[in-house]
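[1] Based on what follows, work out the 3D shape:
(one chain, ligands or ions: 2)
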Amino acid sequence: MEYISLGKTNLIVSIIGFGCIPITRLTRHDAVDLLHYAFDKGITFYDTANGYFDSEEKLGKAFSKIRKKVIIATKSLKRDAKGITEHLDLSLKRLKTDYIDLYQLHQVSKEEDFKIIFSEQGALNALNKAKEAGKIRHIGVTSHNDKMAVKLIKTGVFETIQFPFNFIERQAENEVFIESEKNNLGIIVMKPFGGGALDNGKVALKFLKNFKYLVPIPGFEEKWQIDEAIDIYSKKEIQLDEMDLQVIEQYKNELGKLFCRRCEYCMPCPSGVIIPFAMQFKSVVKRMHKEKVLSFSKEIESVNNCTDCGICIKKCPYELPIPEVIKQNYKLYENLNQHN
Ligand code: SF4
Ligand code: SF4
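    Residues are numbered from 1 along each chain as shown. Ligands and ions are numbered 1, 2, ... in the order given. Next up is the predicted model:
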């Protein structure tokens, strides 16, 4: 395993990390066993979130005794000082630690969020205080919206950026990665498997391995997936061959016109539909614990408000057939609810 410095944080992390959503689907025993397996194989970087069900607790159970040997990143959707302080304290408790290596503002995409975060009573002031108090070591941010990501990078206050990137979602190459490198931010790649849509993990990781400055955090649920990833990431050079390129082309053709990048350009919906969530609901079902999935009933049930006005389709840069997809996804929710 190779290790690199994560931008200006100077945190030394394995060149491939571990995204900790899928462990929410495992029992506590199996999750801890899987995390130990990954650590024994050389993975030292683990990314979780306040909102990932019991993920933080499982990480705490796995690593509290070897805390200094792992780099833990977590995040919160709160934008105000009070809310983020409560979340941070809860994360410290769940993770059984007295410091977090990298604390990220989670999924910042709206202007109004940006304004609150940077206000007097905003989350950033609270995080700076937490940093001074030694509760967190570094501050990062995550986003799905390229324009907002660039704006956040240019503020100069963040040390890392986390953004989706895979062979279908490549918009970050245009500006997000360029600005990040210019400002020496660590670049963490979320959704290397497209949130579960790219089920050929081998090709997805071979594609990413060629971007030397990126640290992907694939979600693992089984040991063979870790072995496969490490096999690819332990090779000095790895090129996509003809077969891989064909596989990529096939995915692009099949998914390209349906794949939601969660950029939120389609929002707001005049009827109150939470479009990005409804669009990615299939991937939520695939990756999350059923109890957590059903806790999003308010978000997915907003689909019932859709009037087929088509406004969102015009705003979506990828012209996705939004009303059609969200209604299909709603059927998944109904099925899940019926069998509960
Ligand atoms: S539906 Fe289109 S605009 Fe809306 S989040 Fe998805 S990709 Fe972005
Ligand atoms: S088509 Fe449906 S989801 Fe899209 S903007 Fe109109 S009401 Fe909202």
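[2] Up against ligand 2, what does this protein have?
    Proximity of the chain to ligand 2, by CB under 6 Å from any ligand atom, involves residues 269-271, 273, 275, 306-312, 322-323. Any C-beta I mention is one placed from the backbone N, CA and C, and that applies to glycine too.
[3] Among the residues you listed, which ones are in helices?
    Mapping those onto helices (DSSP state H) picks out 275, 311-312, 322-323.
[4] Nearest to ligand 2 among those residues?
    Nearest to ligand 2 among those: residue 312, at 3.3 Å, using CB to the nearest ligand atom.
[5] Please name the residues that touch the closest residue to that closest one other than its chain neighbours.
    For residue 312, ignoring the flanking residues on the chain, the nearest one in space by CB to CB, 6 or more residues apart in numbering is residue 266 at 4.0 Å. Going by CB atoms under 8 Å, 6 or more residues apart in numbering, residue 266 touches 275-276, 312-313, 315-316, 322.
[6] The residues you listed into a markdown table, with extra columns for distance to residue 38 and neighbour count?
    A markdown table is the format used below for those (distance: CB to CB, whole Å; neighbours: other CB atoms under 10 Å):
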| residue | distance to residue 38 | neighbour count |
| --- | --- | --- |
| 275 | 34 | 26 |
| 276 | 30 | 23 |
| 312 | 39 | 23 |
| 313 | 41 | 16 |
| 315 | 40 | 16 |
| 316 | 36 | 18 |
| 322 | 37 | 25 |
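[7] Farthest pair within these?
    276 and 313 (14.1 Å; CB to CB).
[8] where does the stretch 101-250 of the chain come near ligand 1, residue by residue?
    By CB under 6 Å from any ligand atom, no residue of the stretch 101-250 of the chain approaches ligand 1.
[9] Mind doing that once more with 8 Å?
    By CB under 8 Å from any ligand atom, the residues of the stretch 101-250 of the chain that approach ligand 1 are residue 144.
[10] Just to be sure, residue 108 is in a helix?
    No - looking at residue 108 with DSSP: H, G, I helix; E, B strand; the rest coil, it is coil, so not inside a helix.
[11] List the contacts of the closest residue to it other than its chain neighbours.
    Excluding the flanking residues, the one nearest residue 108 by CB to CB, 6+ apart is residue 143, at 5.2 Å. Residue 143 makes contact with 107-109, 149, 152, 161-163, according to CB under 8 Å, 6+ apart.
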